[in-house]
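Trainee: requesting a structural model of the entry that follows:
(3 chains)
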Amino acid sequence: MTLEQQIAQFLASGLVNGAIYALLGLGLVVIFSVTRVVNVAQGEFAAFAALLGATLIGRDLPPPLAYFIAVAAATGLGAAMHLVAIRPAREATALTLLIITIALHLALKGLLLLLWGTQPYSLPPFTIGPPLRIAGAVFTRQSLWVLGAVAVILAAAYLFFARTVYGKSLRACAVNPRAARLVGISVDRMGTLAFAVAGGLGGIAGILITPQTLATYDMGLILGLKGFVGAVVAGMTSYPWTVAATLGFGVVEALGAGLISSAYRDGIAFAVLVLVLLARALRHLREGVLIGEEAAQE
Amino acid sequence: MNDAATPAAPPPAADLLVVRTLHAWYGPIQALRGVSLHARAGECVAIIGPNGAGKTTLLHALCGLLPSRGRITLADHPIAGMPPEALVRLGLALVPERRQLFTTLAVADNLLLGAFHRRTHAREVAEDLEGVYRLFPILRDRAGQPARTLSGGMQQMLAIGRGLMARPRLLLMDEPLLGLAPMVIREILRVLSDLKARGITLLLVEQNARAALEVADRGYVMETGTVVLEGPASALAENPRVRAAYLGGHVE
Amino acid sequence: MRRARFALAAFLVVVGALPWAVSGRISLSVFLFIGLNALIAVGLSLLGGQAGQISLGQAAFYGIGAYISAITTLRYGINPWIGMGLAIAGAALVAYVVGAPMLILRGHFLVLGTLALNVIVDVLIRNLQTLTGGPSGLTGIPPLALGVVALRGDRAYYYLAWGAALAAVWLGRNLIASRVGRALAAIRASEVAAATLGINPAHYKARTFAISAAFAGLAGSLYVHYLSFVSPSPFGFEFSITLLVMSVLGGIAHLPGAVLGAAILTVLREALRTVLPRFFRAGASAEYEIIVFGLLLAAVVIFAPGGVWPFVLRLLRLGRSGTSAQSRRPAGGDAPSMTALPEPPAPAARDDVPLLRIDHLTKRFGGLVAVDDLSFQVASGEIYAVIGPNGAGKTTVFNLISGVLLPNRGVITLDGRSFHRRPAYDIAAAGVARTFQTPHVFADLTVAENVMLGMHRRLRAGFAAAMLRLTRREERAAAEESDAYLDQVGLSGLRDTPAGALPFGAQRLLEIARALATRPRLLLLDEPASGLSALERAGLVTLIRRIRGGGVTIVLVEHDVGLVMGLADRVLVLNYGQRIAEGSPAAVRQDRRVIGAYLGEPA
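Mentor: Okay, here's the model as predicted:
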């Protein structure tokens, strides 16, 4: 393979992975914008759905049904997480909430270990067939499914946030929670909705990624962290930018792993995260945002 | 203060809002010290006074955004201590100080969210939206634009429109004229008269005493957490003690 | 006090005698690892409890320290003690360079940034095989030595580990009770208020982070010399999470709590590893501890958010830990005051140069212009008032002058020195002090400590001096001087009261005393009379006049126009962020534009 072909290949796989990270990143941003919580347990939604899906298929359920149930379960898990652990702690400091999500991550990971053990599980690809060659790169059928599915979901998410009352009310909560209360929006309920949406997005990511890489009980944290990278670049507020940033990140990761060394794959990914954080910090320094708290408008 | 030249007024409408000895604290400061007032259905009541008098605290306490002690009734229904989400369903809406719009959402979305608690009645909501557009035609022109791209005056109209979408019986307005050019103030005052004509009860907190007293029926003057003067708006407008309340020298 | 000393002595005896007590029966290594884990956890608690930052990367510093020691001694034959020094310095350096910038961001960015750092370090260790030996690690690392005697075996390293852990607690507590600890407490309470006292939050957070990394690096060095072997496995982010659980379990605000948390968790881990294989499939049992740790963490955060240490204290009836050690007068009576604290240089007041000059100050918030091309001057020794209706931009102007907000345009000139977009701590250093609309006193600190924070810039003690307790003399002088400021505002006798317990009026006075303690040239008072009773207002007026008499120039924002009229030399009236009138109080009061601004334009 020529260098060009290699690069095309890396771009392709980077886009596919980036698409999956984008779903996780979106989930993180939805939760953060509405509840100001950084959900360290975001990746567990993906792990849960993947493992559950594998078990259901193992019980001979038709795949579409198995996947649907798995994603629905992840959605429910998200809502439950908010109701049980986050909502009661709504007066807590941001740091305490963060520790709570770390505890949730540990507890869920442990639960997954208990139920599914340490062995990897796989899911069958959505369709069987030889890979296709598009624009100089080879795409497995599954990766095309991934790209297609994510595109559809992003479109659906766009419609949800732009056109439906609940999508708009989620955005309203993120922009101005007090004004949201004044028009009758219950910020608590919106928090639960946000977590449920994030659970669903994470679940779909889990289902999509597993046919090409195996699912294990501990796959969540790294996956969630990669979604976080894109979210941070986008400032934890903008959905379109989060998607763009995670796609970009997926490509950078693939190029780095491919051109430098695949052993460094995760290291490159997180080096990007650290660089992004440093860049943000320097920008804050320059703008004098020492005083994040006080907007100080009279 | 009676004026014998006024023709006999029709029997007063029932009190829609009654507030009795309301106390409220803003952190460690007692911002309201036993405030009492009332508003009759269809009236426009102005609450004026210098900064720090507790006017905004009063509205926040009425809306349940701030804990308070005392009696508040809306159409004889006790509402003290109820959260804003519940109050909006009872017909009480607040147009907050500095508008507090959903800045990144479109004008139309801001209005639609104003009717969030009635979201199941789609047709009525659509009718009300039409009504707001007729009241503020300029909002219809900019229905798709994000709220933050609007000028100050238009944002104020949007905030009022959002409040109206809740189909309130009582509309509380916190300094709607703040930061607006004189011409826009005229416009807003016209709208307020219009609303009065439609029978919506208005409680208007304003620092701009002259403008507020123009459109109001009655007024209360507040100073350091208490009501120091009350009466018909026309009488207050000519009262030199009002000026003293703003510019120093305490009201005797 | 006596109980505490007795309990401490008993504890030290237990730690010291343990190797003999357990010899032969239980392996000492578990207790050794408690000591090492405690050392790292103390650093994490110092960072979390004092600087308010959570790091999920301490295992990385543990690893960096370990590998620096291993590589320098094994490959380059460097003396292990020097290698240890390099390990400590290396870990601290990485923390400072990488972590410090991230500390500027909000808390959760640091958490995930340190987690990322942990992964990066892990990947590097595993892949730079020629240097680190890769996944199989390095063996044959030489032990530490005292002269010719090589230190080997559990006992020697047990004492080293515990010695280091206890030293860390001692150093940490000294730090907390010092000027530096005070600054950290101020930063935790309100970064804005701390900045206006001349404290640069990033500076303090970064150095605390470096210290926490240094402790972890030291632990890593001890670890490799003990085992004479190192591999990447203990340094992954899972251990960072475990360390966090140790800290939170013990109680992140209490350093001894970190030791307790380390002990509980290490023992728990061992117990799980021996007990669980009987119930679950072998091999996976070590990982079931995750569930237990997660549930434990959750339980602590929900039911005992302060950690277990406060319960232990209560159980042993040792009273509450963490009471301020700072404002206690040193025992031994009142020694005559030693060297008085240095005064900031007071340039001679020059009549031709205004003390404060504002030129074309502009601030926009999105589309709204809050301050519009504002210019004015204040002469030295004046009392200058800024008034105007709500929304006029008065507090924004204050925030701009004090550096809390940066202007879009405009220059602030103080006594001839120009400042353009300088942060609050620089402007405070130039002699500007301020109070806030609602008092930003540090509620959990005592009255005296609040005032001593005003003196922060005039004191010197840095991290090293603080940890080694070399600052007694300076602290004593500072404590004495703080009384003078309390007397000035009428709060004498309240020095040990927690600031949060003061009534509102007293908090206002405390804020003023704290501002005076900075020995400012310019004092900005933001609505000092709001919320005060008539009697308190009268006292305030007297105080302000006295402060001016002491040579301080005063600018105040006020709504109580009556108070302003009696007090101010000149008045500036703002509306819509612009100046609409300036002059003597009498003139301004009659000005038609001013009346119009307040009451509304005529129809």
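Trainee: drop to CA atoms for contacts and neighbour counts, all remaining ones
Mentor: OK.
Trainee: would you state the helices of the stretch 51-200 of chain C in chain order?
Mentor: In the stretch 51-200 of chain C, the segments counted as helices under DSSP state H, counting those that start in this stretch are C:58-76, C:80-94, C:100-103, C:107-127, C:129-132, C:153-176, C:179-189, C:191-196.
Trainee: average pLDDT across the first one?
Mentor: Looking back up the chat, that one is helix C:58-76. For helix C:58-76, mean pLDDT is 95.
Trainee: what helices or strands is it leaning on?
Mentor: helix C:29-45, helix C:80-94, helix C:107-127, helix C:129-132, helix C:201-227, strand C:229-230, helix C:237-250 (3 or more Cα pairs under 8 Å, 6 or more residues apart in numbering or on different chains; DSSP states H and E).
Trainee: if we go to 10 Å?
Mentor: Counting contacts by 3 or more Cα pairs under 10 Å, 6 or more residues apart in numbering or on different chains; DSSP states H and E, helix C:58-76 packs against helix C:29-45, helix C:80-94, helix C:107-127, helix C:129-132, strand C:138-139, helix C:201-227, strand C:229-230, helix C:237-250.
Trainee: any idea which of those gets closest to C:Arg155?
Mentor: Comparing these against C:Arg155 with Cα to Cα, the closest turns out to be helix C:29-45 (8.3 Å).
Trainee: who wins for proximity to chain A among the helices and strands packed on helix C:58-76?
Mentor: Checking the helices and strands packed on helix C:58-76 against chain A by Cα to the nearest Cα gives helix C:107-127 as the closest, at 4.5 Å.
Trainee: how about the residues of the stretch 401-550 of chain C by chain A?
Mentor: Taking Cα under 10 Å from any Cα of the partner chain as the contact definition, the stretch 401-550 of chain C meets chain A at C:Gly403, C:Val404, C:Leu405, C:Leu406, C:Arg421, C:Arg422, C:Pro423, C:Ala424.
Trainee: I meant to write the stretch 201-350 of chain C there.
Mentor: C:201-202, C:238, C:241-242, C:244-245, C:248, C:280-281, C:283-285, C:287-302, C:305.
Trainee: list the contacts of C:Arg409.
Mentor: By Cα atoms under 10 Å, 6 or more residues apart in numbering or on different chains, C:Arg409 lies in contact with C:Asp359, C:His360, C:Leu361, C:Thr362, C:Lys363, C:Arg364, C:Val371, C:Asp372, C:Asp373, C:Leu374, C:His420, C:Arg421.
Trainee: picking up where we left off before, and the residues of the stretch 201-350 of chain C next to chain A, which are buried?
Mentor: Among those, those classed as buried by 16 or more other Cα atoms under 10 Å in any protein chain shown are C:201-202, C:238, C:241-242, C:244-245, C:248, C:284-285, C:287-298, C:300-301, C:305.
Trainee: separation between the residue of the stretch 51-200 of chain A found nearest chain B and A:Ile134?
Mentor: Residue of the stretch 51-200 of chain A nearest chain B, by Cα to the nearest Cα: A:Gly184 (3.9 Å). In this view, A:Gly184 and A:Ile134 are 51 Å apart by Cα to Cα, to the nearest Å.
Trainee: which one of those two has more residues nearby?
Mentor: Taking neighbours as other Cα atoms under 10 Å in any protein chain shown, A:Gly184 and A:Ile134 compare with A:Gly184 leading, 23 against 10.
Trainee: checking the more buried one next. Helix, strand or coil?
Mentor: With DSSP: H, G, I helix; E, B strand; the rest coil as the basis, A:Gly184 sits in coil.
Trainee: surely it touches B:Met165?
Mentor: No. Counting by Cα atoms under 10 Å, A:Gly184 does not reach B:Met165; the two are 11.7 Å apart.
Trainee: where are the low-confidence patches of chain C?
Mentor: Across chain C, the ranges flagged by pLDDT under 70 are C:106-107, C:276, C:279-287, C:319-352, C:367, C:599-603.
Trainee: identify the residue nearest the geometric centre of it.
Mentor: Taking Cα atoms, centre = their mean, the centroid of chain C lies closest to C:Leu184, which sits 1.7 Å from it.
Trainee: circling back to that earlier point, filter the residues of the stretch 401-550 of chain C next to chain A down to the buried ones.
Mentor: Neighbour-count burial within these applies to C:Gly403, C:Val404, C:Leu405, C:Leu406, C:Arg421, C:Arg422, C:Pro423, C:Ala424; the criterion is 16+ other Cα under 10 Å.
Trainee: tell me how many other residues crowd C:Leu502.
Mentor: Neighbour tally, C:Leu502, other Cα under 10 Å: 16.
Trainee: check B:Glu214 too.
Mentor: 16.
Trainee: so it is in which element?
Mentor: Using DSSP states H and E, B:Glu214 sits in helix B:209-215.
Trainee: before we move on, what about A:Leu223?
Mentor: helix A:220-233.
Trainee: how about A:Met81?
Mentor: With DSSP H and E as criterion, A:Met81 is part of helix A:63-81.
Trainee: can you pull the buried residues of the helix or strand containing B:Glu130?
Mentor: If you go by DSSP H and E, B:Glu130 is part of helix B:122-135. For helix B:122-135, the neighbour count (16+ other Cα under 10 Å) marks B:Val125, B:Asp128, B:Leu129, B:Val132, B:Tyr133, B:Leu135 as buried.
Trainee: repeat that for stretch A:45-60.
Mentor: For stretch A:45-60, the neighbour count (16+ other Cα under 10 Å) marks A:45-57 as buried.
Trainee: same thing with stretch C:144-164?
Mentor: Going by neighbour count (16+ other Cα under 10 Å), the buried part of stretch C:144-164 is C:144, C:151-152, C:154-155, C:157-164.
Trainee: count the neighbours of the residue lying closest to A:Val71 once chain neighbours are set aside for me.
Mentor: In space, and not counting its chain neighbours, A:Val71 is closest to A:Gly203: 4.8 Å by Cα to Cα, 6 or more residues apart in numbering or on different chains. Per other Cα under 10 Å, the neighbour tally for A:Gly203 reads 34.
Trainee: what's the pLDDT at A:Gly203?
Mentor: pLDDT at A:Gly203 comes out at 97.
Trainee: assumed B:Leu229 was part of a strand.
Mentor: Yes. Judged by three-state DSSP, B:Leu229 forms part of a strand.
Trainee: got the contact list for it?
Mentor: B:Leu229 sits next to B:48-49, B:219-223, B:236, B:239, B:241-242, B:245, B:251 when contact means Cα under 10 Å, 6+ apart.
Trainee: quick one: which of those residues is most hemmed in?
Mentor: B:Ile48 (31 neighbours).
Trainee: what separation do you get for that one and C:Val594?
Mentor: 17 Å.
Trainee: lovely, talk soon.
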